[in-house]
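Colleague: here's my sequence, what's the structure:
(4 chains)
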2 protein chains.
Amino acid sequence: MTKKNITTLKEIASELNLSISTVSRALNDHPDISLKTKEKVTSLAKNLNYVPNLFAKGFRAHKSNIIGVVVPDIAHYFTSTLLKGIMREAELQGYKVIVSESVNNEKKQGEMLQTMIQFGVDGILLSLARTTLKVDEILKTLNHIPLILFDKVSLKVPCTQVMIDDEEAAFYAVEHLIQTGKKRIAIIKESEDSYNSQMRYRGYLRALRSNNIETDESIILSSENISMQNGKRLTNQLLSMQNKPDAIFAITDSAAIGAIKTLKKHKIKIPQEIAVVGFSNSRSSIIIEPKLTTVDQPGNKIGEVAVQYLIQEMNSTTQLEPKTIIVKTNLIVRDSSFKII
Amino acid sequence: MTKKNITTLKEIASELNLSISTVSRALNDHPDISLKTKEKVTSLAKNLNYVPNLFAKGFRAHKSNIIGVVVPDIAHYFTSTLLKGIMREAELQGYKVIVSESVNNEKKQGEMLQTMIQFGVDGILLSLARTTLKVDEILKTLNHIPLILFDKVSLKVPCTQVMIDDEEAAFYAVEHLIQTGKKRIAIIKESEDSYNSQMRYRGYLRALRSNNIETDESIILSSENISMQNGKRLTNQLLSMQNKPDAIFAITDSAAIGAIKTLKKHKIKIPQEIAVVGFSNSRSSIIIEPKLTTVDQPGNKIGEVAVQYLIQEMNSTTQLEPKTIIVKTNLIVRDSSFKII
DNA sequence: CTGAAAGCGCTTACAG
DNA sequence: CTGAAAGCGCTTACAG
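Modeller: A predicted model of the protein is given here:
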């Protein structure tokens, strides 16, 4: 079943014995056209359920009114908040959104960018796959159409980037632990070369340094993907140590929740013996008990802002200077760490 | 910054002193074209980074290779599994996916369908907004292009529908509770006229009936949206009764988790005193302790199958008979109910 | 105030 | 084996 019954300008024109040009102008409320004609045309258009073929329109104007979005993994709560923000803002501005998943695969990510161009999107919003090492495909895309990096970004790509200040957010999270009396703070981070993980680690280090706490390599743990599973595994590792930590900062909520589950299993009091702080403010962070202290990253906002800057670049006639836009985060203190009074 | 540096057939043609037609045919490996020409063309195309403009291609063929998807709320774990399945299958078949959110608003949903048509999608996958009462906009869309309902469906729309058997899934969930010795089973359902909720309620009733358990109106509770909040509220209501239930079947995981939290607060033993069963197998169902017994609905599968049937309809020259496709669910027994040995 | 014509990038029946 | 021409649905400079 192909598309059918779709009214075109041609039909309206022949029905009314007018030219296609006139019908087009009438529908677009062009000043040249007489009121009478306009009325005739619009009323018939309504009757025939005419909707302009944006496809044809865009084809002529070299514009699709479609924004392409590439994310590593859609089935991630935080990703869906990003998409929500993107879609809402895009809609406000009259754009549709094509979504693709790179499934955290660099090669796939390149292909996605390629097809986005083929599909004629007007601009691309990209959140990098975890494994992105080579960026030439991205640079090539950047030559063709506006592209903005959001959330998972990289300094290797000279384009506008919308993100949170991971370093600062992590700094405050760890600072919070220190202020509640914790002195031996473990971190669970990513072993791979992810920008976000690196920055969070840097924030951790800075917080320790600025409070004159020595870093201890033995409680700086990494895993390739920071899942609940690995959170559990690494926490078990921490608990097997002589000199246990009195707090754990996990750079994802999943790992933090894994940590909490393991601590509970070992009947360790949270936060008295060991406090836990996560990152993301996922849905699950209020399901786990004790509820998780975590960094809230406003996904909606990031998505929204990314769309705004992208459209700005799309509308600009000149190449704009790349900008770095930081969206504010917020530490939400819950029961897995002490409150400061 | 508009699109630029995009190579077209025209450029390749003039560079090679060939006609556009020949270049087009060479690139499409048409048998008429000599090997020599083909080689010349493809190698230059590669050098110039030529990618076909699918937009123009589709425009000519009245085909966009885009599937439109409308969902009530993207920031829902289950929804994102649906989308994952849809995107994966669509990609395999060479389609892109445009996603829109109706934010559970009937009017918005109508508008989304409208713009989907304007954007020239080849087919639409629709999961209904909770409040969908009038379906004329949908019927109108159905006149124009293939449309399939998935997940949140309605019998009022005469089209192919892909879903789980809510009635049966609920039946087995309640049956499971009965088999573990529970006799007074409360249900937390939706008050609004949602197809899914109705069916799950029906399964609940059938399970009781087939086990000769009388229904008791006082433990059949409804709320407009079945959130964790409302799960808590309604569970408190149950606990205030003289004759408390010995199990709660909540038609969403959120409500079930709210129930568990409330029961724990009141130090009620789960599942000994009151067992809980949810619906969806959300991420959170394994975060909460005790882990939640719940119905697993394979979102990926539903999305995948929906795409397959949609493409089938898109490719068919005749109007196909509407089908109803049931995707199997699976009760996952965890710690919030007894295991049967 | 209205129309004929060109053109967006591509494919394909028709000629040669 | 290759090319000229038409056409997909629309807009818009150019005529009248």
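
Colleague: got the contact list for A:Gly123?
Modeller: A:Ile67, A:Gly68, A:Ile145, A:Pro146, A:Leu147, A:Ile148, A:Leu310, A:Ile311, A:Glu313, A:Met314 (Cβ atoms under 8 Å, 6 or more residues apart in numbering or on different chains). Yep, even glycine has a C-beta here, placed from its N, CA and C like the rest.

Colleague: find the nearest non-adjacent residue to it, please.
Modeller: A:Pro146 (4.2 Å; Cβ to Cβ, 6 or more residues apart in numbering or on different chains).

Colleague: next one: A:Gln237
Modeller: Among residues not flanking A:Gln237 along the chain, A:Leu221 sits closest, at 6.7 Å (Cβ to Cβ, 6+ apart).

Colleague: is any part of the helix or strand containing A:Val276 close to chain B?
Modeller: Take DSSP states H and E as the rule and A:Val276 turns out to sit in strand A:275-280. No - against chain B, strand A:275-280 shows no contacts by Cβ under 8 Å from any Cβ of the partner chain, the least distance being 12.0 Å.

Colleague: tell me the strands beside the helix or strand following that strand, with direction?
Modeller: Sequence order places strand A:293-296 as the next helix or strand after strand A:275-280, per DSSP H and E. Next to strand A:293-296 in the sheet, as set by DSSP bridges, lie strand A:275-280 (parallel), strand A:330-332 (antiparallel).

Colleague: please render the ones you listed as CSV that adds mean pLDDT and distance to B:Ser254 to the earlier fields.
Modeller: Supplementary listing: the strands paired with strand A:293-296 in CSV, determined by pLDDT from 0 to 100; distance: least, Cβ to Cβ, whole Å:
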stretch, mean pLDDT, distance to B:Ser254
strand A:275-280, 97, 19
strand A:330-332, 97, 20
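
Colleague: which element is A:Ser21 on?
Modeller: Element membership for A:Ser21 (DSSP H and E) is helix A:20-27.

Colleague: so that helix, near DNA strand D or not?
Modeller: Yes - judged by Cβ under 7 Å from any atom of the strand, helix A:20-27 and DNA strand D are in contact via A:Ile20, A:Ser21, A:Ser24, A:Arg25, A:Leu27.

Colleague: out of those residues, which is nearest to B:Ser197?
Modeller: A:Leu27 (43.5 Å; Cβ to Cβ).

Colleague: residue contacts, that closest one?
Modeller: Contact partners of A:Leu27, counting by Cβ under 8 Å, 6+ apart, are A:Leu9, A:Val41, A:Thr42, A:Ala45, A:Tyr50, A:Pro52.

Colleague: helices of the stretch 151-300 of chain A, start to end?
Modeller: A:166-179, A:195-210, A:228-239, A:253-265, A:299-315 (DSSP state H, counting those that start in this stretch).

Colleague: give me the contacts around the strand holding A:Val276.
Modeller: So strand A:275-280 is in contact with A:77-78, A:169-170, A:173-174, A:176-177, A:180, A:182, A:200, A:246-253, A:255-257, A:259-260, A:263, A:270, A:285, A:292-297, A:336-338, going by Cβ under 8 Å, 6+ apart.

Colleague: run the angle between it and helix A:166-179 for me.
Modeller: Going by axes from the mean of the first three to the mean of the last three Cα atoms, to 10 degrees, strand A:275-280 is angled at 160 degrees with respect to helix A:166-179.

Colleague: distance from strand A:275-280 to the middle of the chain?
Modeller: Put simply, strand A:275-280 sits 20 Å off its chain's centre (Cα atoms, centre = their mean, to the nearest Å).

Colleague: next, the angle helix A:228-239 makes with it.
Modeller: Between strand A:275-280 and helix A:228-239, the angle comes out at 150 degrees (the same axes, to 10 degrees).
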